[in-house]
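*Asks:* Here is a sequence together with a model predicted from it:
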Amino acid sequence: MSTHYQILIIGGGTAGIMTAAQFLEKDKSLQVAIVEPADTHYYQPAWTLVGAGTYEYEKTAKPMKEVIPEGATWIRDYATAFDPDNNKISTEKNGDLSYDYLVVAPGLVMDYDKIEGLREAIDKGVVCSNYTDPEHTWEVLKNFKGGNAVFTQPATPIKCGGAPQKIAYLAADYLRKNNLLDKSEVIFATPGSVIFGIKPVRETLEKVMARYDMKFKPFYSPVKIDADRNIVYFDYVAPEDKKEKDPTGGIKGEKLTDDGLIAMPFDMLHLAPPQKAPDFVRNSPLVNKDGWLDVDIHSLQHNTYDNIFGLGDVAGLPTAKTGAAVRKQAPVVIDNILKMIAEKRADNKGYNGYSSCPLVTAYGRMVLAEFDYEGNFTPDPKLKQMLISDSSKEHWRLWILKKYMLPYLYWNKMLKGKNV
C-alpha cells in the first residue's frame, strides 16, 4: 500500500464519503484515500424514526465497502495523531501516511463521563438514547405505561441539535394514540433558553408542545443520573437576570436538593449524551480553544495550515452539526483544494453556515428548519415544487420527505457525489 496520497480524507461518515465522491466525480485522475476503521456506514438521521417504531434499523446501515467511492483507496485503520508541519498523520496499523492535502472529517464521539452515572445507565432499563441505540428507545417507549417521560440534552454541542426534541414529540404522539398521554407528564428539559432559535419555527413548536401539554424546562443542564432510583439531576444554568429562586413545579416529584441541584424522577429518560471531537483531534495542534477543528468558518480551510481543511461535525463552526450542513460545505472544500492543486488561491469563502433540521412533530407531520450563521430562516426554493409554501409549519409532505425521499437521496445521490 502507498504511504503518500494527493488527497487524504480522515473519516468515512457523511462528510468524508461525500467529499471523496465529489472529488472523483469532478476528476477521476485524483488520488483520493479515506482512512476509516468501521465496516458499516449508518444513515443516522433515520434513527429518530427507528426510536419511534416507524423505520427499520437495518435499513439505516450499509457495508462501508459499498459506499466508498469507486476510485478511492479505503485504508481500514484508525487515525491516531497529526504531524501537520511534515504533512503526515499517524495510524494504528499502517504507520505514518503523508499527503499533499488533508481533509479532516472524523465526526464526533460521545463523552459519557461528562454526566455522572450516564455510562452505567445508558441503553439499560428505562434510560435510552436515539444517538446510541434507537431500538432500545423503541422498546422503552412501547413498555411505558405512564408517569414522567423526560427528554433532555447536554450543554455541549451535539450532532443534530433538534433530535432530542423530535423523539419527545413522537413519543407524545405515540402516548396520545395509545390513550396514555393523560397518565403521563412529557417533559423537555434543555440548558438553552428557548425550544428553537429560529423565530417562525419556534412559534410552531410552541404550539406543538401545547398540543401535547408538554412541560418545557429551560436552563436545565443534566449533570447526574441515578439509574437505581430513576432520578435525573440538573444544574440550573439561567443567567442572573432570568434566574428564578425555585424553577421547580408542575412535575410530580421534582424538587430542589440541598446542594442546589434539581432532582427529577423519571419513568422514561431519553437524552443526547454530551459530545466532543475525537481525542486524536482534541490532543492535536489543529483545534481551537473549545477542542474543535480550527477552520475558517466560510472557506473551511484550517486557520494555521493552508493544505488542511475540515468539515462536518468535527469542525468548529457556529452552526448546527447536521448532514445537511455537509451538503453545502463539501463543494467549498473541493473547490478550494482543486484551486490549490492548480496553483491558484483557495479563495472560495462561500459557506454561509447553512444547516437544516427536519423536526418531526407527529407521526405523519414535520417542520423543516433551514438557517444560516445569522439565524435567518432560509427555506429551499425547491420545496415549492412539493407544494409546500411555508416549511416552518407542520406538513405531511415534509414527513414524506423525511421518511422516504431523504434516505433515497442520501444513498443514491449525496454519497455518490451528485448535486442535490
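*Replies:* Cool, the structure landed.
*Asks:* Run a quick neighbour tally on the closest residue to I297 other than its chain neighbours.
*Replies:* Among residues not flanking I297 along the chain, L317 sits closest, at 5.4 Å (Cβ to Cβ, 6 or more residues apart in numbering). For glycine as for every other residue, the C-beta is placed from the backbone atoms N, C-alpha and C. L317 has 25 neighbours, counted by other Cβ atoms under 10 Å.
*Asks:* E135: what's it in contact with?
*Replies:* Neighbour list for E135: V50, G51, Y57 [criterion: Cβ atoms under 8 Å, 6 or more residues apart in numbering].
*Asks:* What residues sit buried inside the helix or strand containing it?
*Replies:* Using DSSP states H and E, E135 falls within helix 134-143. Across helix 134-143, burial judged by 16 or more other Cβ atoms under 10 Å covers P134, E135, H136, T137, W138, E139, V140, L141.
*Asks:* what are the phi and psi values for the residue nearest to I297?
*Replies:* Per-residue torsions, L317: phi -120, psi 140 (degrees, to the nearest 10).
*Asks:* Do you know the pLDDT at it?
*Replies:* Predicted confidence (pLDDT) for L317: 98.
*Asks:* re earlier: now intersect the contacts of E135 with the helices, please.
*Replies:* Judged by DSSP state H, the contacts of E135 include V50, G51 as members of helices.
*Asks:* ok, of the contacts of E135, which one's closest to E120?
*Replies:* The closest of those to E120 turns out to be G51 (Cβ to Cβ; 21.0 Å).
*Asks:* How much space separates that closest one from C357?
*Replies:* To C357, G51 is 16 Å away according to Cβ to Cβ, to the nearest Å.
*Asks:* before we move on, what about Y233?
*Replies:* Distance of Y233 to C357, given as Cβ to Cβ: 28 Å.
*Asks:* now the residue most central in space within the chain, nearest residue through space, not along the chain?
*Replies:* Residue closest to the average C-alpha location in the chain (Cα atoms, centre = their mean): K159, at 1.8 Å. Leaving aside its chain neighbours, K159 sits nearest to K321 (4.5 Å; criterion: Cβ to Cβ, 6+ apart).
*Asks:* which ones are touching the one you found?
*Replies:* By Cβ under 8 Å, 6+ apart, the contact set of K321 is L108, P157, I158, K159, C160, G161, G312, D313, S355.
*Asks:* Which member of the residues you listed is positioned nearest V281?
*Replies:* L108 (9.1 Å).
*Asks:* what about the closest one, how many neighbours?
*Replies:* Neighbour number of L108 under other Cβ under 10 Å is 20.
*Asks:* And for A342?
*Replies:* If you count neighbours by other Cβ under 10 Å, A342 ends up with 7.
*Asks:* what's the spacing between it and L49?
*Replies:* A342 sits 43 Å away from L49, going by Cβ to Cβ.
*Asks:* ditto for F266
*Replies:* Distance, F266 to L49, using Cβ to Cβ: 23 Å.
*Asks:* quick one on the thing from earlier: export the buried residues of helix 134-143 to a markdown table and append columns for distance to E370 and pLDDT.
*Replies:* Below are those laid out as a markdown table (distance: Cβ to Cβ, whole Å; pLDDT from 0 to 100):
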| residue | distance to E370 | pLDDT |
| --- | --- | --- |
| P134 | 24 | 98 |
| E135 | 30 | 98 |
| H136 | 31 | 98 |
| T137 | 26 | 98 |
| W138 | 28 | 98 |
| E139 | 33 | 98 |
| V140 | 31 | 98 |
| L141 | 29 | 98 |
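*Asks:* quick check, nearest of those to A346?
*Replies:* Relative to A346, the closest of the buried residues of helix 134-143 is P134; by Cβ to Cβ it sits at 39.0 Å.
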